[in-house]
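A.B. asks: Here is the input, now give the coordinates:
(one chain, ligands or ions: 2)
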Amino acid sequence: MRKITGLPGAKGQTIGNILRMKPDSIVVKKEVVDIEAEIHKFRMAQQTYGNELDKLYEETLITLGEDAAAIMKAYKMILFDEEFFKKALKRVQDERISIDYAISEEQKAVSKMFQMINDPYMRERGADIENVCKELITYINGKDPATDQIIYDRDFIVVAEDLSPADTIRIDKKYLRGMITERGGITSHTVILAKTLGIPAVVGATGIMEATENASKIFLNGGEGYAYLDPEDSFIKEYGVIKKRQEKEMELYDKAAIKQAITLDGIPISVCTNSGDMESIEGFREDICDGVGLFRTEFLYMSEKDYPTEEKQYEIYKQMALKTNGKELIIRTLDIGGDKQLDYMNLPSESNPFLGYRAIRICLDRKEIFLTQLRAILRASNYGHVKIMFPMIVTVEELRMAKQMVKTAMTQLEEGNIPYNKEIETGIMIETPASVLISDKLAKEADFFSIGTNDLIQYTTATDRMNDKVQYLYDVCNLSVLKAVYQVIQNGHKAGIKVGMCGEAASDERLTPVWLGFGLDEFSMVPGQIGRIKYILGKLSKKEVEKLAAKVLELDTIHEVKEVLNQNISNLMEK
Ligand code: PEP
Ligand code: MG
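C.D. replies: Ligands and ions are numbered 1, 2, ... in the order given. Below you'll find the model as predicted:
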């Protein structure tokens, strides 16, 4: 039983027969061509592929819904991006080379550029361009991938190098139980589609194509990102028991998701969702949350070639505000820098980007960018319960300056008679030791706090969150982090403001009782975790968890903390 590891794509475990999708065998050659005929071939292929994407869009809309269908639209945009194909067409004209070769070369160059970006979401967009180009080349060579319906009459798991959305849609879903791909990251379209279909997926599983050459069955664990080839009978039996238990748990979580989270002693707790990229905006479910606790705006900037205009930002914030339907929507102002870079911003290269020119520091320096965003957020505040949140605050002065900028943006809108909510709240992320230590002062001037544990852990423990070598130190159970969270909540409450948490630790079930015991008012997380955390909150009594939280703060080591928390959560889940 060989184990292949990859990345967790879509949650769930499954066993099925292997269906390998071999990569297309088209070889592109650098031939001398008739220029006109070559360009005609390109235009025809573009048209046929475009029509096919339209057809897939309509079909997907009916069978899988808007989220999955939107992918076809995104692909069509790439397909008709004249700017992108300009260079390839010019090479055909200048060098008289075949169009498929020119496209393939251009795609490789662009993919290389995307691969160098640190952000996984952007890397996936590079993979999308690659998929579109590959399919287009198939059409240019007179093949029609649309006719290659993949039909199988038993439970099967697709094994592929990568899957384009069109590939995924063409697969007959009746017996499809899971997907595993060599390439692709956790935000790839394979993952989005798998989630839409409700089946497990493992991505980035290097070597899976070769390893499955002679295998017939495969087990996938999508939540943890690994697979077993040809699992033994005893494993299959054991898996049957686990699967039944998991299905039961999932039912409980789904039920909890659509209800208000209430502790055993009757205290309602706010559970919100994190959002920001187009997919999460389109797929937003108001029925499972109390609002959006963190709306990351940098995706909006990262998907553009230049600064998004006020109008464009306003439209997106407004769309989100309308979707939240009167529930809270916390829009975080631009948090660029650190691991997130933007070409058009021409940010200086730094030896220590996480400690450098980042987030609010950039916004307070490049005021026009900040004001444009603030005006867009303020205008959207007319359509919902919008709040503004500043990232990376480390001094009271920064908060005052940021609030002053909000006032300036308000004045500008008033001059143009543009309406906005004058009572809009402004809060801050607490994600640095500096902001923890002066949280008593900051609490007097901020309307709310949201603890960003992703950064707070890295800055408190001096451990780069992107550096694999030191990940063993990046631990939320370090008492320095727990004490920091406790202190922030205490100081927030003393000043009468609400304290939420929007870092990944908000959905760490081991710590749910501790956060509640510390008095956290709001948990914000990716939508997929909401049901489980609401379910756990419903099993806790505030009085009891306060005792547990106090006990944890008295411990000395990470190991001790984990021991107590693991024991506690397994007792709780058995109840
Ligand atoms: C955080 O730091 O916890 C956070 C939510 O912000 P980001 O992950 O976007 O830096
Ligand atoms: Mg952060």
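A.B. asks: Can you tell me which residues in this protein are near ligand 1?
C.D. replies: For the chain, the residues in contact with ligand 1 (C-beta under 6 Å from any ligand atom) are 294, 296, 335, 431, 452-455, 502-503. C-beta coordinates here come from the backbone N, C-alpha and C atoms, glycine included.
A.B. asks: average model confidence for stretch 348-366?
C.D. replies: The average pLDDT within stretch 348-366 is 92.
A.B. asks: do stretch 216-226 as well
C.D. replies: What stretch 216-226 shows for mean pLDDT is 92.
A.B. asks: re the thing from before, only whichever of the residues of the chain next to ligand 1 are buried, select them in PyMOL.
C.D. replies: Isolation of the buried members of the residues of the chain next to ligand 1 (16 or more other C-beta atoms under 10 Å) is achieved in PyMOL through the command below:
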select buried, resi 294+296+335+431+452+453+455+502+503
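A.B. asks: The helix or strand that contains Asp455 vs ligand 2: in contact?
C.D. replies: Asp455 is part of helix 453-460 when elements are defined by DSSP states H and E. Yes: using C-beta under 5 Å from the ion, helix 453-460 reaches ligand 2 at Asp455.
A.B. asks: Report the next helix or strand after that helix in sequence order.
C.D. replies: helix 479-494.
A.B. asks: Tell me the buried residues in that next one?
C.D. replies: 479, 481-482, 484-493.
A.B. asks: How about stretch 71-91?
C.D. replies: Neighbour-count burial for stretch 71-91, counted by 16+ other C-beta under 10 Å, picks out 71-72, 74-76, 78-79, 84-85, 88-89, 91.
A.B. asks: CSV please, covering the residues you listed and showing pLDDT and distance to Ala37.
C.D. replies: Formatted as CSV, those follow (pLDDT from 0 to 100; distance: C-beta to C-beta, whole Å):
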residue, pLDDT, distance to Ala37
Ile71, 79, 32
Met72, 81, 29
Ala74, 84, 30
Tyr75, 86, 26
Lys76, 88, 25
Ile78, 89, 24
Leu79, 91, 21
Phe84, 84, 22
Phe85, 89, 17
Ala88, 89, 16
Leu89, 90, 13
Arg91, 89, 16
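A.B. asks: ok, the closest residue to ligand 2 within the stretch 301-450 of the chain - contacts?
C.D. replies: Proximity of the stretch 301-450 of the chain to ligand 2 (C-beta to the ion) peaks at Glu431, 4.7 Å away. Each residue near Glu431 by C-beta atoms under 8 Å, 6 or more residues apart in numbering is listed here: 391-392, 451-456, 459, 503.
A.B. asks: Let me have these in a markdown table, extended by pLDDT.
C.D. replies: Shown next, in a markdown table, are the contacts of Glu431 (pLDDT from 0 to 100):
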| residue | pLDDT |
| --- | --- |
| Pro391 | 97 |
| Met392 | 97 |
| Ile451 | 98 |
| Gly452 | 96 |
| Thr453 | 95 |
| Asn454 | 90 |
| Asp455 | 93 |
| Leu456 | 96 |
| Tyr459 | 96 |
| Gly503 | 91 |
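A.B. asks: Just the closest of these to Asp230, please.
C.D. replies: Nearest to Asp230 out of the contacts of Glu431 is Asn454 (C-beta to C-beta; 38.5 Å).
A.B. asks: Distance of the closest residue in space to that closest one that isn't next to it in sequence relative to ligand 2?
C.D. replies: Excluding the flanking residues, the one nearest Asn454 by C-beta to C-beta, 6 or more residues apart in numbering is Gly503, at 4.3 Å. Computed as C-beta to the ion, to the nearest Å, the Gly503 to ligand 2 distance reads 7 Å.
A.B. asks: thought Gly503 was touching Thr453?
C.D. replies: Yes: in terms of C-beta atoms under 8 Å, Gly503 counts as a neighbour of Thr453; the distance is 3.0 Å.
A.B. asks: Can you find the helix or strand of the chain with the lowest average pLDDT?
C.D. replies: Ranking every helix and strand in the chain by mean pLDDT, DSSP states H and E puts helix 165-170 at the bottom, with a mean of 68.
A.B. asks: Thought Glu82 was touching Gln46, still the case?
C.D. replies: No: with contacts counted by C-beta under 8 Å, Gln46 stays clear of Glu82, the gap being 10.2 Å.
A.B. asks: quick one: low-confidence parts of the protein?
C.D. replies: Within the chain, the ranges that satisfy pLDDT under 70 run 23-27, 115-124, 144-153, 165-166, 169-170, 186-187, 279, 339, 466, 468.
A.B. asks: what's the span of stretch 288-301 from first residue to last?
C.D. replies: End-to-end distance of stretch 288-301: 28 Å, with C-alpha to C-alpha, to the nearest Å as the criterion.
A.B. asks: Which positions within that stretch qualify as buried?
C.D. replies: 288-301.
A.B. asks: is it anywhere near ligand 2?
C.D. replies: No: applying C-beta under 5 Å from the ion, one finds stretch 288-301 separated from ligand 2 by no less than 9.1 Å.
A.B. asks: just how off-centre is that stretch within its chain?
C.D. replies: 10 Å (C-alpha atoms, centre = their mean, to the nearest Å).
A.B. asks: go on, stretch 540-554?
C.D. replies: Distance, centroid of stretch 540-554 to centroid of chain: 32 Å (C-alpha atoms, centre = their mean).
A.B. asks: now stretch 214-231
C.D. replies: 25 Å.
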